[in-house]
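In: Here is my input; please provide its structure:
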Amino acid sequence: MSFSLPELPDSPAERYAELADHARALIDGEPDRVANAANLSALVKATVPDLNWVGFYFFDGAELVVGPFQGLPACIRIPLDRGVCGAAARTRETQRVDDVHAVADHIACDAATRSELVVPLIGPDGALVGVFDLDSELPARFSDDDQRGLEAVAAVFVASLA
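Out: Numbers count the residues shown, from 1 in each chain. The predicted model follows:
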């Protein structure tokens, strides 16, 4: 299969709707979560500007373990009681942080990261699968539109688990 990167519209709502469509097409029919997480990480990193890290952490029953990602080497294990990723997994709510340095228990895998968006991944059976983590070197990089759009991409990944 050949895949070329999409040129996305300027309107955030249209851009993320189209990105979600491309994500669905990219992983259509593939049941392997590692393969799908790898391709979605690459797609988002290549098409969403100003990101320095995009990837997945999978819940192993006790903590989050790094999965496929794009960016600098990452923290391997994250307890659910620490950091922005842990908070997203623990609360099952998206965490959008404008300034990670203001978060007392932030885990700094890349010192250049200034803002972060972490979407919890909840499987079809209601179980925690992991989190979809996005970092930026820009403070306050993520808007409401980014959050909704990236939650939609995360939902595409979760749908592939069914």
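
In: Which stretches in the protein count as strands?
Out: 53-59, 63-71, 77-79, 95-97, 115-122, 128-136 (DSSP state E).

In: export these to TSV and tack on mean pLDDT and mean neighbour count?
Out: Quick note: C-beta positions are derived from backbone N, CA and C, even for glycine. Shown next, in TSV, are the strands of the chain (pLDDT from 0 to 100; neighbours: other Cβ atoms under 10 Å):
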stretch	mean pLDDT	mean neighbour count
strand 53-59	97	23
strand 63-71	97	19
strand 77-79	96	16
strand 95-97	96	22
strand 115-122	97	23
strand 128-136	97	26
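
In: Adding distance to residue 108, write those strands out as TSV.
Out: Converted to TSV, those look like this (distance: least, Cβ to Cβ, whole Å):
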stretch	distance to residue 108
strand 53-59	11
strand 63-71	13
strand 77-79	12
strand 95-97	12
strand 115-122	10
strand 128-136	10
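
In: Which one, of those strands, ends up nearest to residue 10?
Out: strand 128-136 (19.1 Å; Cβ to Cβ).

In: Pass me the low-pLDDT residue ranges in this protein, would you?
Out: 1-6, 9 (pLDDT under 70).

In: partner residues bridging the spatially most central residue of it?
Out: What sits nearest the mean C-alpha location of the chain, by Cα atoms, centre = their mean, is residue 132, with 2.7 Å. Per DSSP bridges, the residues bridged to residue 132 are residue 56, residue 119.

In: returning to what we had before: could you check the strands of the chain and tell me which one is nearest residue 26?
Out: Residue 26 lies closest to strand 63-71 among the strands of the chain, at 13.2 Å (Cβ to Cβ).

In: now that closest one against strand 53-59, angle please.
Out: 160 degrees (axes from the mean of the first three to the mean of the last three Cα atoms, to 10 degrees).

In: how far does strand 63-71 sit from the chain's center?
Out: Centroid separation for strand 63-71 versus its chain: 10 Å, with Cα atoms, centre = their mean, to the nearest Å.

In: what lines up beside that strand in the sheet?
Out: Strand 63-71 has the following strand partners under DSSP bridges: strand 53-59 (antiparallel), strand 77-79 (antiparallel).

In: So what touches that strand?
Out: 34, 37-38, 41-42, 44-46, 51-59, 74-80, 85-86, 89, 110, 130-131, 133, 135 (Cβ atoms under 8 Å, 6 or more residues apart in numbering).

In: Right, I'll leave it there.
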